[in-house]
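Engineer: A predicted structure for the sequence below; I have some questions about it.
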Amino acid sequence: MKMLSKFLLLILCLLSVAFVSIITLLHTRYAQPILAYTLNSVSQYPIHFRQIDYSLKQPLYFRFHDLSIGHIQPEPLMIGQADVWFSTSLLSDKKLTIENLLLDSLSLQHGIPDLTVMNGLDVQRLAINALDFASDGLILRNAQIQLDNWKPNQQSAFNFQGQIQFSAEQLYWQGEAFDHVVIDGEIETDIARLYGISFDWKNSQISAQAEWTELEGWRLPQLTVSDLNLTTEEMRYITPHLSWLEELNQIITIERFDALNANIELPEININNLNLAITNLTWPSTLWQQKKTTLSFSADSASIDNIVFESPLADLRFTPNQISAHDLSFSTLGGFVSLAGHWQPKKLQLDTLTVNRIKWLLKPNWQQTLQLYLAPLQQVEIDKLSIKHSQLIDTESSTPFQMTGLNVHGRQLSLRHQEQWGLWQGKLHASVQNASLNYVLTNQAIVEMASMNGEWTIDQALFPLEQGILEVNGKLNLSEPSQPWQLTLTGDGIPTDLVFNWLNAQQLKYPLPITGLTEVSLSAQGLLGNRDSFNYSLEGELQLQPRDMATPLNAEQLWHYQESYVHTRPSNSTKQAINPLEISPIKITADRGRLTLQPITFLGEDFKASLEGSWDLATSASKKIDYQFTQGCNQITRSWLGSNYTTESTTDCD
């Protein structure tokens, strides 16, 4: 026993001397070859380094200078400096435990290398400084990464688990540059929490917080974009990535999104100095699919389809299949508009709509554009409508019009029901300071109408004219399928242009340029359920008593005008000559859609003319119109029979 004790003591002394010798050698020039030999003896990868720093004050800390690890694909791993702090318990689960590993000046220009060399390591904290990286369109410049409790795990959705801090001076992704990128978060097996994300992109600042779970997808408690300038060029970059996110089939819930001082310049929309706040937004769900989303915004100005909106302001709520506007207002077209209400895919229900002092010059084909927006709606209701001191002008349509000083007030209005426009419910009062329709002027016109359960009544419609007045009353029952209607119209001092323009609309092509006034009396009724029911049910009588009639052409001019059958407005020089004209009373009767024009005679100086005929609204083949013009010994006869037209010119002159 005494001999065994002496032997063990000798072995312990030798080990102590060897350990002290090794520690001593680590402080000499032999440290590098000794440690290099030791590392290469236990590693399957060749390891080289230029210098090692070691101190007994920190016995578990080593610093390697110009470290290289070979046989790592696609190229050897080169590290400017590596600082290693070993754990006090060197081995854990058969892995070498490193408390801290700091790599400085690392360049990975071919992506992430083969890191199976790390499989035998358990690194509690990995930090990389001054990292340059490039792979698959991703480039990092001067990046810093810190991973706490980094454990490579093939079962994880990520390549590591634990805390992560990342920053980069510049990050390039698919040709786009992101500056001052910072990420702070935590990665676990089935969850990722990003406590802070921030970066600069095209002079804008973006910051966010995010969380990902396998079941719920991405959730963003906060996303803020400041000083964004969104143009067509930026949209060309953003749009493909939005499509890529949709293809991932990942739900993204944004609890709070803020856009501050943003500017948008796109072909169809421009917004200046936009401030926007959205809560509880789910993407890629449509606006109609949002469950409880709020949106508020303000801007200096915006333009849509070349219409400028100044100081737009909105407070909106989104629930399934409904958008609620608690406040939406803007200045436009020299006036102010505000509204509040609800919008559903097939229904528009406004609590209030206020329009003040707008001056709107309507664009060509504005009816088609308006129809495009309104076509999806099957129901339109406005509880309180107010239009004041406004102006509408249409100079491009076949019946140009203008209204100045327009005032409209309505209560509890139902304007579209059962996919048909009309006053289904409510009261409406409209007045206009002056207006014109197809160049016929009226001043201080008033219209009052009301409807109860689809029984629409025009209580009063007065249109003062330049030399007379026109009064209209009527009824229309929208609630019945056949929609019976009645209309009475009386007036005096009515320009004959109104009457003969209507005749021309019936394709009679009335061939005399005439000016003058007439008394009008119309009483008509029928059904308006559809076009056929109107054509077969129209009954009534139209009587006109022309007076002060004249033509700007003399007899000879009228002959050439008739002969050429060119229907253009006479020139100003011709209009100076006014030739009196007598026209017999005009009477048109309707019996179940069959119209009869009683013979009309025209007597002027050295000429006369006559017009008579009949036609059935239900069929154009029944039309029969005869017109005859005689000037001296010359005569022109024209006839319309169905769709056929004939003309004959004769003369008895010697």
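Structural biologist: Arrived safely, thanks for sending. Numbering: from 1, shown residues only.

Engineer: ranges for the helices of the stretch 451-600 of the chain?
Structural biologist: Along the stretch 451-600 of the chain, the stretches classed as helices by DSSP state H, counting those that start in this stretch are 496-505, 531-537, 555-564, 572-575.

Engineer: Point out the other helices and strands that the second one packs with.
Structural biologist: With contacts taken as 3 or more C-beta pairs under 8 Å, 6 or more residues apart in numbering; DSSP states H and E, helix 531-537 sits against strand 515-527. No exception for glycine: its C-beta is placed from N, CA and C like everyone else's.

Engineer: For the strand it packs on, buried residues please.
Structural biologist: Buried residues in strand 515-527, counted by 16 or more other C-beta atoms under 10 Å: 516-520, 522, 524-527.

Engineer: With distance to residue 191 and pLDDT as extra columns, can I get the residues you listed in CSV?
Structural biologist: Below are these laid out as CSV (distance: C-beta to C-beta, whole Å; pLDDT from 0 to 100):
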residue, distance to residue 191, pLDDT
516, 87, 86
517, 85, 89
518, 85, 90
519, 86, 92
520, 81, 92
522, 78, 93
524, 75, 94
525, 75, 95
526, 72, 93
527, 69, 93
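
Engineer: May I see these arranged in TSV, with distance to residue 46 as well?
Structural biologist: As requested, the buried residues of strand 515-527 are arranged in TSV below (distance: C-beta to C-beta, whole Å):
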residue	distance to residue 46
516	112
517	111
518	111
519	114
520	109
522	107
524	105
525	105
526	102
527	99
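
Engineer: which stretches of the stretch 101-250 of the chain form helices?
Structural biologist: Under DSSP H, counting those that start in this stretch, the stretch 101-250 of the chain gives helices at 232-248.

Engineer: Strands of that one, residue ranges please.
Structural biologist: 121-135, 138-150, 162-173, 176-187, 191-201, 204-213, 217-226, 229-231 (DSSP state E, counting those that start in this stretch).

Engineer: what about those, which gets the closest to residue 345?
Structural biologist: Of all the strands of the stretch 101-250 of the chain, it is strand 217-226 that lies closest to residue 345, at 26.1 Å by C-beta to C-beta.

Engineer: tell me the SS of the residue nearest to residue 436 when sequence neighbours are not counted?
Structural biologist: Closest residue in space to residue 436, ignoring its immediate chain neighbours: residue 402 at 5.4 Å, by C-beta to C-beta, 6 or more residues apart in numbering. What DSSP: H, G, I helix; E, B strand; the rest coil gives for residue 402 is strand.

Engineer: Thought residue 394 was touching residue 402, still the case?
Structural biologist: Yes. Residue 402 lies in contact with residue 394 (C-beta atoms under 8 Å); the separation is 7.2 Å.

Engineer: Quickly list what's touching both of the two.
Structural biologist: Between them, residue 402 and residue 394 share no contacting residue under C-beta atoms under 8 Å, 6 or more residues apart in numbering.

Engineer: thinking residue 75 is in contact with residue 110, fair?
Structural biologist: Yes. Here residue 75 reaches residue 110: they are 6.1 Å apart, a contact under C-beta under 8 Å.

Engineer: for the stretch 451-600 of the chain, which spans come out with low pLDDT?
Structural biologist: 497-511, 562-577 (pLDDT under 70).

Engineer: Point out where this protein drops to low pLDDT.
Structural biologist: Ranges of the chain meeting pLDDT under 70: 1-45, 56, 70-74, 90-95, 114-121, 150-160, 497-511, 562-577, 620-621, 654.

Engineer: so which of the strands of the stretch 101-250 of the chain comes closest to residue 281?
Structural biologist: strand 217-226 (9.0 Å).

Engineer: For residue 104, give me its contacts.
Structural biologist: With C-beta under 8 Å, 6+ apart, residue 104 has these contacts: 79-83, 128-130.

Engineer: how about 10 Å then?
Structural biologist: 63, 65, 79-83, 127-131, 144 (C-beta atoms under 10 Å, 6 or more residues apart in numbering).

Engineer: now residue 307
Structural biologist: 332-333, 360, 363.

Engineer: what bridges to it?
Structural biologist: Taking DSSP bridges as the rule, residue 307 bridges to residue 304.

Engineer: just curious, which of the buried residues of strand 515-527 is nearest to residue 278?
Structural biologist: residue 527 (51.0 Å).

Engineer: Tell me the spacing between that closest one and residue 474.
Structural biologist: Noted for residue 527: a distance of 14 Å to residue 474, by C-beta to C-beta, to the nearest Å.

Engineer: Check residue 276 too.
Structural biologist: With C-beta to C-beta as the criterion, residue 276 and residue 474 are 48 Å apart.
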